[in-house]
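Peer 1: predicted structure and sequence below. I'll ask about it afterward.
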Amino acid sequence: MTEKTTKQKFKLLFVDDDTFISDMYALKFSNAGHELIVANSVDEALDKLREGNDYDAIATDLIMPGKDGFAFLEQARMENLLGDSVVLVLSNQDGPDVKERFKGLGAVEHIVKAHALPNEVLKMVECAINKYKYGKRSQQCTK
């Protein structure tokens with residue numbers, strides 16, 4: 001007799017000012033059975049967090065008009081809004097100084113948008129949630 005496994009469903013907050021990107025990922029994640037809540041600005045994302053929603057993960061872009069992803073992470077951390085959410089950066093910004101800064105603000109993974117297909121991003125986010133939130137340490141979160 002084989003045991004049937006069911007895929008875990010996750011709730012995610014996705015912060016990106018590019019509505020094309022947000023819509024694409026909303027469709028990709030919902031098709032995979034997850035709930036993806038989109039915020040198209042830092043202020044909108046902070047409001048959603050202040051509402052008390054519990055997210056398995058929060059993925060943020062870094063470069064946005066007005067307040068950027070760093071400001072979002074700083075404010076969310078200062079207000080203790082991140083809870084036990086796994087924080088990921090999904091951005092084309094790269095480099096040791098960028099990584100050091102967002103890791104210092106609580107982000108655990110960095111996905112370079114230009115180097116990952118949407119399906120790969122989905123798998124990396126699922127892997128990061130399993131690894132960092134649910135302790136499945138054997139997970140390798142690479143493309």
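Peer 2: Structure received.

Peer 1: give the helix, strand or coil label for the most centrally placed residue in the chain.
Peer 2: Nearest residue to the geometric centre of the chain (CA atoms, centre = their mean): residue 59, 2.0 Å. Using DSSP: H, G, I helix; E, B strand; the rest coil, the three-state assignment for residue 59 comes out as strand.

Peer 1: isn't it up against residue 85?
Peer 2: No - with contacts defined as CB atoms under 8 Å, residue 59 does not count as touching residue 85, sitting 9.8 Å away. Placement of C-beta: from N, CA and C, glycine included.

Peer 1: joint contacts of the two?
Peer 2: Common neighbours of residue 59 and residue 85, using CB atoms under 8 Å, 6 or more residues apart in numbering, are residue 13.

Peer 1: could you list the low-pLDDT ranges of this protein?
Peer 2: Low-confidence regions of the chain, defined by pLDDT under 70, span residues 1-6, 137-143.

Peer 1: picking up where we left off before, so what's the residue nearest to the centre of the chain bridging to?
Peer 2: residue 14, residue 88 (DSSP bridges).

Peer 1: so who does it touch?
Peer 2: By CB under 8 Å, 6+ apart, the contact list for residue 59 reads 12-15, 87-90, 111, 125.
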